[in-house]
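In: need a 3D model of the sequence below.
(chains A, B, C and D)
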There are 4 protein chains.
Amino acid sequence: MKESAVKKIVVLTSGGDAPGMNAALRAVVRTASHYKIECYGVREGFNGLINDDFTKMGPRSVKNIITEGGTILKSARSLEFKTAAGRKKAFENCQKHGIDGMVCIGGDGTFRGAKVFNEEFGIKTIGVPGTIDNDIFGTDNTIGYDTALNTAMEAIDKIRDTATSHNRIFFVEVMGRDAGFIALNSGLATGAIGILIPEKKDSIEELFATFERAEKAGKASSIVVVAEGEKLGSIYDIAKATQTGFPSYDIRVAVLGHIQRGGSPSCADRVLASRLGYGAVIGLMDGKTNMMVGMKSNRMVYTAIDEAVKKHNEIDQDLLKISEILSI
Amino acid sequence: MKESAVKKIVVLTSGGDAPGMNAALRAVVRTASHYKIECYGVREGFNGLINDDFTKMGPRSVKNIITEGGTILKSARSLEFKTAAGRKKAFENCQKHGIDGMVCIGGDGTFRGAKVFNEEFGIKTIGVPGTIDNDIFGTDNTIGYDTALNTAMEAIDKIRDTATSHNRIFFVEVMGRDAGFIALNSGLATGAIGILIPEKKDSIEELFATFERAEKAGKASSIVVVAEGEKLGSIYDIAKATQTGFPSYDIRVAVLGHIQRGGSPSCADRVLASRLGYGAVIGLMDGKTNMMVGMKSNRMVYTAIDEAVKKHNEIDQDLLKISEILSI
Amino acid sequence: MKESAVKKIVVLTSGGDAPGMNAALRAVVRTASHYKIECYGVREGFNGLINDDFTKMGPRSVKNIITEGGTILKSARSLEFKTAAGRKKAFENCQKHGIDGMVCIGGDGTFRGAKVFNEEFGIKTIGVPGTIDNDIFGTDNTIGYDTALNTAMEAIDKIRDTATSHNRIFFVEVMGRDAGFIALNSGLATGAIGILIPEKKDSIEELFATFERAEKAGKASSIVVVAEGEKLGSIYDIAKATQTGFPSYDIRVAVLGHIQRGGSPSCADRVLASRLGYGAVIGLMDGKTNMMVGMKSNRMVYTAIDEAVKKHNEIDQDLLKISEILSI
Amino acid sequence: MKESAVKKIVVLTSGGDAPGMNAALRAVVRTASHYKIECYGVREGFNGLINDDFTKMGPRSVKNIITEGGTILKSARSLEFKTAAGRKKAFENCQKHGIDGMVCIGGDGTFRGAKVFNEEFGIKTIGVPGTIDNDIFGTDNTIGYDTALNTAMEAIDKIRDTATSHNRIFFVEVMGRDAGFIALNSGLATGAIGILIPEKKDSIEELFATFERAEKAGKASSIVVVAEGEKLGSIYDIAKATQTGFPSYDIRVAVLGHIQRGGSPSCADRVLASRLGYGAVIGLMDGKTNMMVGMKSNRMVYTAIDEAVKKHNEIDQDLLKISEILSI
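Out: Here you go, the predicted model:
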């Protein structure tokens, strides 16, 4: 094996937390240790770089965390890192510790920060896509997405029990400010009659037509899944409009909220996170920089960070059609 | 065995649905069948009595439902049954079918309705306590309560993952309009630093003192569990007041909502529901009426409906103290 | 409050591990801390007393463990503690540390050891019933039992899916060497047509009659739940005999095994463990010794260890009858 | 839209059952209904074709089954369908009902049967990969695999709790007669120190070296995951050899067994099954035959059945290395 391009790396988790971040962190730390690369954990995202919150990590530091949700390094959104002064401080701390490589686990915002930092100061950087939103280009799935899907699905399954018992209509809000992945897939998986997502132009007329179709099909209770970022209006507005349109309906709103960010990661997420954490370190050793590591069709792929933040993982419009046909 | 006091019974589920109602229903139907008593299922609670919505049920009608949340008979709150005219219609339908016994699965409101009906028309009635709220006198636990506790606890466990990762304070609302059982027990089980329930006089000063104590103990994130019926104000008001008192806190509100009513019942709920459904039929056969069947210390007990609706299952004030000591 | 009868206590977990032991441990440590009593954790049960494996514990030592299965103190069965020499060594270590109270979390065997030790050396002792087997007298439920029930039930629910798809007969072994609690309750909760437990005299003829009854009722697949300690023979023997009796049956055996000991404790187990851990320390402070703390009908009760180990929690024979009626 | 190439189709599930088969079935039935194609369900795999066990299915026939494990059509392995006479009978029944298309949900064996049948009688056929083993070429994942992985992982997580509490070594057998996918991925996800699979030449010496490495790393308890089809010997033989090699180890064997086939499907499996069921019908309408429908990198792909049965989904040898590095 040729000599590693890095000797001392940092790893951090940034942005909204996602189940599997710990598994990725464990993979980074243990892979580094295996190849005799020093590894420091940085707490609270980029803030830790600025505040010199570095801790040396070895295989035992990440013991048992593969099963745990959240991130033991904690996460944060850093305003200071958006300033040149903040990034300079961060770099000086990296210099002080002799850091020559960095693994950033997070989403879009994280990658953008990492890219600017890399361009300014040249520390080699690899991004690992960790976000429940699944909107990152360059990987089939992001870390945490599969777990969030299962959490949302199980919650909606429970809501259906009570919806059916009382002949009720439930509007269920799931996470996704800009992306409808969770809404679309959890809605399809739970037989929701309607799925409202930001990527599609929805109208109240169309929604009403859906309810009429459901009624005709003999459905006495129904679920509509709404992404947080739906543009038609807030879930409460949509529920209110529906109540006005169908005064006899017994309508309820459920906002799933932060349960979608927690929980022990699913097997798929633990495996994905393990592979990507490993791939990030291997990539750095190999001299790669300003890349994101992802999995496509079970194979590891590296994408330029630039491309990963410019493009988006697009939802499959076909899925909406399938969902409509299957939820008859 | 002496002759049964009833020959033809109805069974219905009424009020808010609870996991395990199906298991209770299955037990009623199969026990009746075993003892050659005819059994009719009535749909949508007392409404079904009024609307003559009776279906004959046999062992196969309740196949596999022991694992299912909700109630296949559906449930409803009936306004018409609160009128003398409505109850008369209900009685006439019972008479038409030759009904001489009734099993009502539900909560307080259900039992009150059943009691009036029994007093007016004399059909033998046994109540089965099915409600997630656990506020019924005459039984250690009500059907559905244990499942709801586990659902709430698992949700709060997930919320803790993200609370810890971001150093956040979460206010989590759980069900319980009049009773704090779910809040108290799920809060204790998840190490919540504060638990606000309607049975206790809470104050914002006391809550603030709790936060100060938590800070001193080095806690960077915390959970406060709030019962729906908390009298200090809505969870949003309480969160807002806390934000004013502690401007640096990163505060979030999570309302668990209807997921607490659904889901496959826990083992304890399936067993409880099976025993109580069996006990209800045995009680009717034995000539009992106007009684509720419950379990205390693993033994079946019958309580006068009158007593069951007048008294309430009281929360153990000791538990609040224990919770405070343990969540340090 | 009057002065505490103890100043320095040890806590240990012994025997087979059970979910909720950590929650009990947390309660012991934090209650002791609250009342300014020093508390030492002893590793690997009584072995730790002998090997002087004491660690001082404070509120932070038990952080977050309420959600975790197993026991952070580890557990073991100690042969040496059964000898007078071993117990003398254990006492000398206690003396060295100035220990005047002891909380033992475990089952029958643990309590017997604790009793002898107390009689020989006088250190005040309270037992906390922690075992999935639920066979301890003096408490409605033991710690871990409810979680084990849910684990067994969920496993059997899954097995039923495949049994039904292939018209198969499954014999499922659950834990319980001397006690049929898990078998009886998980069997009832999953609609098993047969339940074989050590507390009842079973016969192969009776089992065959059950299969014939199931066939007549039109069942194409069935589950029989067998306790580990069933006296009719091993589950493999029983399955083989059934295959001989019913050559056309497609029979499978499933042994659930150690999954029943693990997992995050259920809400009921966390609450029970918290209350009993608290109660153990309060009891010691109050001067109690040679007692076991339990919960009956939601109230804390203390039973002489002597009685707890001589008597057994008896299964309710009625439950077998109910199970038979309901699994038609 | 051009005219459909089929008018009347059958759908069947065959081989070992897998969670998500019901979701696939629902998708086939509802897509067919949507496009006005008649659809018949055939019970117990190819046996149902031979025994003329056809039932007309509409959207309501598959109500709510998306959440259910197993297959409501039941599954079986058919010996008679392997004979020319059996297949002739099957074809005559198809002819009688006017069947011109067939969707077969199952694994390798199912596809082989379908292919021969198609070649002999020309009924258009599409295969849908439904098996927990994931060894089918032409799709990233097979239906049921993701759910089985989560089931295995959760069971092993529970076993780890008790392994850790007692310093034990557990050998855990997971399903996979010819393929190590479940073993490899669940082992990686649970931090197993060893993973034994049929695709790799294992030796007892290598396994012993692993234990020695684990000891050196300070591990007091360990998990080794073994695929059913491991060639080194049965799990009991391997455990025995280990006991001989390391007499001081406290070793246990756990066979997870049929729980891996059941359970409500994961979100990923429900979505995959829904898409493939839809894709199967669309494919038939489009004139495709003798193809398998799969998903690669979130896109639908059709592969010749011939190729699907000849090639195999290969495990990624890299994963073994990653697992070894990460389980230090």
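
In: from now on I want contacts and neighbour counts done on CA atoms only, so please keep to that.
Out: OK.

In: what ranges do the helices span in the stretch 51-200 of chain A?
Out: A:84-97, A:108-121, A:145-166, A:181-189 (DSSP state H, counting those that start in this stretch).

In: so which of the ones you listed is the most packed in?
Out: Looking across the helices of the stretch 51-200 of chain A with neighbours counted as mean count of other C-alpha atoms under 10 Å in any protein chain shown, the highest average goes to helix A:181-189: a mean of 29.

In: do it and chain D meet at all?
Out: Yes: figure legend: helix A:181-189 in contact with chain D (C-alpha under 8 Å from any C-alpha of the partner chain); contacting residues A:185-186, A:188-189.

In: then stretch A:204-223?
Out: No: when contact is scored as C-alpha under 8 Å from any C-alpha, no part of stretch A:204-223 falls within range of chain D; the minimum is 8.9 Å.

In: for stretch A:32-40, same thing?
Out: Yes: with C-alpha under 8 Å from any C-alpha as the measure, stretch A:32-40 is seen reaching chain D through A:H34.

In: give me the distance from that stretch to the chain's centre.
Out: Averaging C-alpha coordinates over stretch A:32-40 and over its chain gives two centres that are 27 Å apart (C-alpha atoms, centre = their mean, to the nearest Å).

In: distance between the ends of it?
Out: As for stretch A:32-40, its first-to-last residue distance stands at 10 Å under the measure C-alpha to C-alpha, to the nearest Å.

In: so what touches it?
Out: For stretch A:32-40, the external contacting residues (C-alpha atoms under 8 Å, 6 or more residues apart in numbering or on different chains) are A:6-11, A:29, A:54-59, A:281, D:325.

In: which of those count as buried?
Out: Burial of the contacts of stretch A:32-40 was assessed by neighbour count (16 or more other C-alpha atoms under 10 Å in any protein chain shown); the buried members are A:6-11, A:29, A:54, A:57-59, A:281, D:325.

In: of the residues you listed, closest to chain C?
Out: For the buried ones among the contacts of stretch A:32-40, the residue nearest chain C by C-alpha to the nearest C-alpha is A:P59; the value is 19.8 Å.

In: OK, contacts around the nearest residue to the closest one once chain neighbours are set aside?
Out: Computed as C-alpha to C-alpha, 6 or more residues apart in numbering or on different chains, the closest residue to A:P59 that is not its neighbour in sequence is A:R30, at 5.2 Å. Residues in contact with A:R30, defined by C-alpha under 8 Å, 6+ apart, are A:58-59, D:325-326, D:328.

In: name the element A:R30 belongs to?
Out: Element membership for A:R30, per DSSP states H and E: helix A:21-34.

In: just want the angle from whichever helix or strand comes after that helix to helix A:84-97.
Out: Later in the chain than helix A:21-34, the nearest helix or strand by DSSP H and E is strand A:38-42. Our comparison of strand A:38-42 with helix A:84-97, counting by axes from the mean of the first three to the mean of the last three C-alpha atoms, to 10 degrees, yields an angle of 150 degrees.

In: and the angle from strand A:38-42 to helix A:21-34?
Out: Strand A:38-42 runs at 160 degrees relative to helix A:21-34, counting by the same axes, to 10 degrees.

In: helices or strands next to the next helix or strand after strand A:38-42 in the packing?
Out: Counting by DSSP H and E, the next helix or strand C-terminal to strand A:38-42 is helix A:46-50. The criterion is 3 or more C-alpha pairs under 8 Å, 6 or more residues apart in numbering or on different chains; DSSP states H and E, and the helices and strands that helix A:46-50 contacts are helix A:84-97.

In: just the CA trace of the helix it packs on, in PDB.
Out: Taking Å, rounded to 0.1, in the frame of the first residue of the first chain, the C-alpha atoms of helix A:84-97 are listed here in PDB:
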ATOM      1  CA  ALA A  84     -14.100  34.600   7.300                       C
ATOM      2  CA  ALA A  85     -12.900  35.400  10.800                       C
ATOM      3  CA  GLY A  86     -14.500  32.300  12.200                       C
ATOM      4  CA  ARG A  87     -13.000  30.100   9.500                       C
ATOM      5  CA  LYS A  88      -9.600  31.600  10.100                       C
ATOM      6  CA  LYS A  89      -9.800  30.700  13.800                       C
ATOM      7  CA  ALA A  90     -10.900  27.200  12.800                       C
ATOM      8  CA  PHE A  91      -7.900  26.800  10.500                       C
ATOM      9  CA  GLU A  92      -5.500  28.100  13.100                       C
ATOM     10  CA  ASN A  93      -6.700  25.400  15.500                       C
ATOM     11  CA  CYS A  94      -6.300  22.800  12.800                       C
ATOM     12  CA  GLN A  95      -2.800  24.000  12.200                       C
ATOM     13  CA  LYS A  96      -2.000  23.900  15.900                       C
ATOM     14  CA  HIS A  97      -2.900  20.300  16.000                       C
END
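
In: other SSEs contacting it?
Out: Packed next to helix A:84-97, using 3+ C-alpha pairs under 8 Å, 6+ apart, are helix A:46-50.

In: and the helix it packs on, what's buried?
Out: Neighbour counts over helix A:46-50 (16+ other C-alpha under 10 Å) mark A:46-50 as buried.

In: nearest to C:P265 among those?
Out: The shortest distance between C:P265 and any of the buried residues of helix A:46-50, using C-alpha to C-alpha, involves A:G48 and amounts to 34.9 Å.

In: so who does that closest one touch?
Out: With contacts defined as C-alpha under 8 Å, 6+ apart, the neighbours of A:G48 are A:42, A:54.

In: how far away is it from A:A76?
Out: Between A:G48 and A:A76 the computed distance is 9 Å (C-alpha to C-alpha).

In: kindly report the same for A:D161.
Out: With distances defined as C-alpha to C-alpha, the gap from A:D161 to A:A76 amounts to 37 Å.

In: could you give the number of residues near A:N64?
Out: A:N64 sits with 13 neighbouring residues when counted by other C-alpha atoms under 10 Å in any protein chain shown.

In: phi, psi for it please.
Out: Backbone torsions of A:N64, given as degrees, to the nearest 10, read phi 70, psi 0.

In: and if you look at A:H312?
Out: When quoted as degrees, to the nearest 10, the phi and psi of A:H312 stand at phi -130, psi 150.

In: ok, A:A268 next?
Out: Dihedral angles phi and psi of A:A268 (degrees, to the nearest 10) take the values phi -60, psi -40.

In: any idea how far B:E307 is from it?
Out: On the measure of C-alpha to C-alpha, A:A268 and B:E307 end up 53 Å apart.

In: what do you get for A:S33?
Out: 68 Å.

In: which ones are touching whichever residue of chain A sits closest to chain D?
Out: Proximity of chain A to chain D (C-alpha to the nearest C-alpha) peaks at A:S297, 4.7 Å away. Neighbour list for A:S297: A:140, D:140, D:296-297 [criterion: C-alpha under 8 Å, 6+ apart].

In: and it, what pLDDT?
Out: The model reports A:S297 with a pLDDT of 94.

In: next, give phi and psi for the residue most central in space within chain A.
Out: Against the mean C-alpha coordinate of chain A, by C-alpha atoms, centre = their mean, the closest residue is A:T131 at 1.7 Å. According to degrees, to the nearest 10, the main-chain angles of A:T131 amount to phi -170, psi 140.

In: nothing else from me, thank you.
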